[in-house]
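Colleague: Build me a model:
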Amino acid sequence: MRVLCVLHYPGYLRYYDSVIHELADRGHDVVVAFSNEVKQQEGIEGLWHPSGRVVKAERVPKRRDVWEAVGALVRDLADYTRYLHPRYAEAEHLRRRHERFVPWGFGWLTRLPTLPPRVVRATHRFLAWLEHAIPSSPRLERFVADARPDVLLISPLVADFARQTDLLKSAQALGVPTVLGVASWDHLSTKGLIKIRPDRTMVWNEIQRGEAEEYHHVPRSEVSVVGAHPWDRWFDRRPTLDRAAFAAKVGLPPEKPFVLFLGSTESISDTEDEQRFVRRWIAALRASSDPAVRELGALIRPHPYNPGTWADADLSDLGIVTLWPRAGANPVNEDDRADYFDSMFHSAATVGINTSAMIESAIVGRPVLTLRLPEFAATQGGTVHFHYLLPDQGGFLRVAHSLEAHVEQLAEVLADPEMVRDELLGFVESFVRPHGLDRRATPLAVDVVEETAALEVSARTADGRPVRRAILWAVGSAMRGAPAKRARRTYRTVSRRLRKPRRRLRRRGRRSVRRLRRAALLLPARLAALGRPEPREDRPGATGAGGANRAGVANGAGAAKPLDHTRAEHRASGTGDRSHGRP
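Modeller: Modelled structure (predicted):
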């Protein structure tokens, strides 16, 4: 069997390297291609396999015709309007994140709080009707045909801004069976929509199967639950270093326990906000009345794709705290994975805001805590997937709404780590390994790929009704000029907003020029005055024409004009008007 695996960018190999290697181990050839080869290039390390059956193809070509603009319009509208459903009424963060993709001319949608569910559903049906009229790309068909696949495995499909949708459509036009792999726990609830249904969709658990049906209108019969295959690597792993050696490596005292803080992506928490929180958090630990908490060490691990200003952070004033690795490290090779696992394994507990690393810590069996504070309300409660970690949803998090409550919870789990064991096991069994804690998800995912390749599928082409396609073609022709129109509109908006600042700068500039001119005119006289000898008080006529004394400067009549002390006093004190002291 020959598999064409198309991923968004190399970083996605951290989700699929085990699946690709399992396919190669079973004797299948795997051709891997990326829509974006530049982003997170370190992930390429996951491609190597000793059999030589895994090869990298050239970058997936981009569609270059009028239908590219039509597809962008239809798909961007579908992706944004999903967040106008009342279920996303509190998800302001997700709406803002997708606003930059709202097509030109549809900015008014961003001013709508929500729409009735039936309106959203009708909008999506209409956009799907338009989507099915967009023809397959001959350029992408050639790309798929050159790979000669028996099956296409594609991911994430919901976050690639139309390019993967066109590729899926081209594979279906050639009669190639298709499998969508849902890469992460939040992709079906925080990204775009599935616009073209693949033959099979692989998800982690029953929650995601429900999301596929409810949010993306994929029939449950076409969804296969396989488990979280990216995290198979943590279940049977043992630490590379013992606790003392690991503590020495990261700069912590080996005799003291430590708590691990796991950073989040930039879309969840800005690094400066995260640093401010960490400082407050550690200060609260140091102020605890419980010595076990007060003397606890802290290991801060920045997110690999959100190191930001962490590299220059100085936390030396907070006691036993270390920042490691400072620049972040994506665990895509064995050394980085060993360091990451050892960080979780040797910690007494872990703390995070909203990150998949909290689930990985649960797999390792460590208590996981979080704080729901106002600065993180939008990226915690404003997302769907965060709620899956909460205790009332079957999750495992110890949640506090204040630093004081968090310190008490931390003291409890430090005193009795076993109190969270049942919660951790229950979540991992339902969310990560729904087929049993001892059953790996990777072989199940490969089984789905093999079963899909064996399906008899016919070539599927777009609805070619001439009226619908003619209308879309006209829209696409007009949209191809939209970037230029958008650029002109942006220029006018920026110019209008800068009008007042420009006027202020011009006024200040003119005042500065006038001051400089006055100073230039007075400069010769001041230089001449500086060059004259100081008059002697006992010399007759010292205050005559052209002379000067300490009381004033000579006037043109040859008599020194005395200084008006009244005016000088008022000027010094800032009182009085300019006419004060004049006769």
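Colleague: dump the residue contacts of Glu22.
Modeller: By C-beta atoms under 8 Å, 6 or more residues apart in numbering, the contact list for Glu22 reads Thr442, Pro443, Ala445, Val446. Placement of C-beta: from N, CA and C, glycine included.
Colleague: 10 Å instead, please
Modeller: Residues counted as contacts of Glu22 (C-beta atoms under 10 Å, 6 or more residues apart in numbering) are His28, Val30, His229, Asp232, Arg440, Thr442, Pro443, Leu444, Ala445, Val446, Asp447, Val449.
Colleague: In terms of helices and strands, where is it?
Modeller: According to DSSP states H and E, Glu22 maps onto helix 13-25.
Colleague: Just the buried residues of the contacts of Glu22.
Modeller: Neighbour counting by 16 or more other C-beta atoms under 10 Å classes His28, Val30, His229, Asp232, Arg440, Thr442, Pro443, Leu444, Ala445, Val446, Val449 among the contacts of Glu22 as buried.
Colleague: Verify the stated contact: the fourth one with Val432.
Modeller: Yes - in this structure Asp232 lies within contact range of Val432 using C-beta atoms under 10 Å: 9.3 Å.
Colleague: which residues do these two both contact?
Modeller: With C-beta under 10 Å, 6+ apart as the test, Asp232 and Val432 both reach Ile363, Ala441.
Colleague: Local confidence estimate at the closest residue to Met1 other than its chain neighbours?
Modeller: Setting aside the residues directly before and after it, Met1 is nearest to His28 in space (C-beta to C-beta, 6 or more residues apart in numbering), at 4.5 Å. pLDDT for His28: 98.
Colleague: for His28, phi and psi?
Modeller: Dihedral pair for His28: phi -90, psi 150, per degrees, to the nearest 10.
Colleague: In contact with it, which residues are there?
Modeller: With C-beta under 10 Å, 6+ apart, His28 has these contacts: 1-3, 20, 22, 51, 53-54, 150-151, 446, 449-450, 453.
Colleague: Looking at those, which is nearest Ala313?
Modeller: Taking C-beta to C-beta as the measure, Ala313 sits nearest to Ile20 out of these, at 36.7 Å.
Colleague: ok, back up a step: out of the contacts of His28, which are inside strands?
Modeller: Arg2, Val3, Val54, Val151 (DSSP state E).
Colleague: wait, isn't the third one in contact with Tyr16?
Modeller: This means Val54. No - counting by C-beta under 10 Å, Val54 does not reach Tyr16; the two are 11.0 Å apart.
Colleague: For the protein, name the helix or strand with the lowest mean pLDDT.
Modeller: strand 552-553 (a mean of 36; mean pLDDT, DSSP states H and E).
Colleague: and the longest helix seen in the chain, average pLDDT?
Modeller: When the chain is parsed with DSSP state H, its longest helix is helix 499-531. Averaged across helix 499-531, pLDDT comes to 71.
Colleague: Which strands or helices does that helix pack on?
Modeller: Using 3 or more C-beta pairs under 10 Å, 6 or more residues apart in numbering; DSSP states H and E as the contact test, no helix or strand touches helix 499-531.
Colleague: would you list every one of the helices in the stretch 401-550 of the chain?
Modeller: Using DSSP state H, counting those that start in this stretch, the helices assigned to the stretch 401-550 of the chain run over residues 403-415, 421-427, 441-453, 466-479, 482-497, 499-531.
Colleague: where exactly do the helices run in the stretch 201-350 of the chain?
Modeller: Using DSSP H, counting those that start in this stretch, the helices of the stretch 201-350 of the chain run over 206-216, 243-250, 271-286, 291-294, 334-345.
Colleague: check which helix or strand covers the closest residue to Phe427 other than its chain neighbours.
Modeller: The spatially closest residue to Phe427, leaving aside those adjacent along the chain, is Phe396, at 4.5 Å (C-beta to C-beta, 6+ apart). Secondary structure assignment for Phe396, by DSSP H and E: no helix or strand.
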